[in-house]
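In: Provide a 3D model corresponding to the input given below.
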Amino acid sequence: MSQEALPEIVRKVEEAPLEDLLRVSMDEVQIQMDSYLDPEVDSASLYRRWEKQQWAVSDLDFSDDIRHWETISEGSREVMRRTMTLFFIGEQAVTDTLGPILHAAPHEDERVFLATQIADEARHTVFFHRFFDEVLQVHGGLRAALETVGPLATAGFRRIFETHLVDATDLVRREPDNRVAWVEAIVTYHLMIEGYLALAGQRNLLRYLRGVGLMPGFTTGFTAVARDESRHIGFGVLALRRRVHEDPEMGRVVALKVLALLEPIALTAVNPDSRLNLPDPSTIQPGLRQSPIELREFAIGSLARRLRSVGLSESAVEELAQGMRKIYERLWDRYEEIHGVEHPVRWYQRQGAAALA
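Out: Here you go, the predicted model:
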């Protein structure tokens, strides 16, 4: 893609009303998201984007989604239901835990933006609540969703949300003047949960739904969620960059916190304890294949770009990236040890080796 085309894509994503987001791809949202790495972007400009990019959950039409859901195979529905449930749980969790980060933010412009993020996270929770109620027929909101498919929340997911996120934000609540605690909470919240887990999950699910042409209501709403999240991730980067500029030692704090989260983040992404109920990759149309290797490299590459923008050295970023790759390889091996079958990633690895040969 030419550099000349990038500003037009950014403008398209930023200015699209809700009804036009069905025609905006996740790859285009990613380009728009990366534009926020520009050092000229500040929290005030992100706030202005929030004002212009408002959308209402009540405007979404799920009538086609209800019909489409019945036509999807049970195996695919199981995978989608698990992903959607984890997002539902995650949105509720971050809505409940963002308050301390807002109140302890050192600068007024940061507190103003974080107030918009809390509003966004609440709207995302309402989006999933309505989708679960009307399409998945899981009535009663988050509690009912948890009772129905809550056990699908993986060990890594629980460690991230119930331990790391809760502990990080609770320390900020108890010690609002602790700048190291605030930085660690932003790393946990904005870089690793939103900028790694959520971003990769959104891309994976939206690419699939667009490829098969299903669930237009959910696709539209989830793309709006992704556009909101791009502002949040952009804020996290600029807030951390600001701290590293003020105190270079904060770069080490960022790197160490990322390092501490690599294992549970990868554990959530790979989920080796759960047996995958997926068709043989060779039977899937090439345009619909989801290579675990490509998904891993996308997530690691996105995180690496943000860490460089924060101010980490190239050597530190590369060391973290290589560490994450090794963890994925170890977890793919663990999957095979647990279930006694080959992980689907092996087919993609053989394809890659054959292409090189």
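In: what's the span of stretch 22-41, first residue to last?
Out: Start and end residues of stretch 22-41 are separated by 27 Å (CA to CA, to the nearest Å).
In: How far does that stretch sit from its chain's centre?
Out: 14 Å (CA atoms, centre = their mean, to the nearest Å).
In: Could you do stretch 15-28 as well?
Out: So, by CA atoms, centre = their mean, the centroid of stretch 15-28 is 18 Å from its chain's centroid.
In: which residues sit against it?
Out: 9, 12-13, 52, 55-56, 59-60, 202-203, 206-207, 210, 216, 219-220, 223-224, 226-227 (CB atoms under 8 Å, 6 or more residues apart in numbering). Heads up, the C-betas are built off the backbone N, CA and C, glycines and all.
In: Okay, now the unreliable bits of the protein?
Out: For the chain, residues meeting the criterion pLDDT under 70 lie at 1-4, 141-142, 145-154.
In: for it, what's the longest helix?
Out: Secondary structure of the chain per DSSP state H: the longest helix is helix 216-246.
In: which secondary structure elements does that helix contact?
Out: When contacts are defined as 3 or more CB pairs under 8 Å, 6 or more residues apart in numbering; DSSP states H and E, helix 216-246 sits against helix 26-35, helix 43-52, helix 63-71, helix 108-134, helix 179-186, helix 199-212, helix 249-270, helix 292-310.
In: Let me know which of these is tucked in deepest.
Out: Compared across the helices and strands packed on helix 216-246, helix 179-186 shows the largest average neighbour count, a mean of 22 (mean count of other CB atoms under 10 Å).
In: helices or strands next to it in the packing?
Out: The contact analysis (3+ CB pairs under 8 Å, 6+ apart) places helix 179-186 against helix 99-104, helix 166-174, helix 216-246, helix 249-270.
In: hmm, 6 Å instead?
Out: Applying 3 or more CB pairs under 6 Å, 6 or more residues apart in numbering; DSSP states H and E, we find helix 179-186 packed against helix 166-174, helix 216-246, helix 249-270.
In: one step back: quick check: buried residues in the longest helix of the chain?
Out: Within helix 216-246, the residues scored as buried using 16 or more other CB atoms under 10 Å are 216-244.
In: Please compute how far that helix lies from its chain's middle.
Out: 9 Å.
In: ok, now stretch 308-328?
Out: Remark: stretch 308-328 is offset 18 Å from the chain centroid, using CA atoms, centre = their mean.
In: tell me the secondary structure for Asp177?
Out: coil (DSSP: H, G, I helix; E, B strand; the rest coil).
In: Look up the closest residue to it, ignoring the ones flanking it.
Out: Ala104 (7.5 Å; CB to CB, 6 or more residues apart in numbering).
In: Isn't that neighbour up against Arg173?
Out: No - counting by CB atoms under 6 Å, Ala104 sits too far from Arg173 to count as a contact (7.8 Å).
In: Restricting to C-alpha, output stretch 273-291 in CSV.
Out: The C-alpha trace of stretch 273-291 is given here as CSV (Å, rounded to 0.1, in the frame of the first residue of the first chain):
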residue,chain,number,x,y,z
ASP,A,273,-6.0,-26.6,28.0
SER,A,274,-9.0,-26.4,25.6
ARG,A,275,-9.2,-28.8,22.7
LEU,A,276,-9.8,-27.0,19.4
ASN,A,277,-12.9,-28.1,17.5
LEU,A,278,-11.7,-26.8,14.1
PRO,A,279,-11.7,-28.2,10.6
ASP,A,280,-8.5,-29.3,9.0
PRO,A,281,-6.8,-26.1,7.6
SER,A,282,-6.3,-27.8,4.3
THR,A,283,-10.2,-28.0,3.9
ILE,A,284,-10.7,-24.2,4.6
GLN,A,285,-10.8,-21.7,1.7
PRO,A,286,-7.4,-19.9,1.6
GLY,A,287,-9.1,-16.5,2.2
LEU,A,288,-10.7,-17.8,5.4
ARG,A,289,-7.7,-19.5,7.0
GLN,A,290,-6.5,-18.0,10.3
SER,A,291,-2.9,-18.9,10.7
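In: any idea how far Val13 is from Ile31?
Out: Using CB to CB, to the nearest Å, Val13 is found at 7 Å from Ile31.
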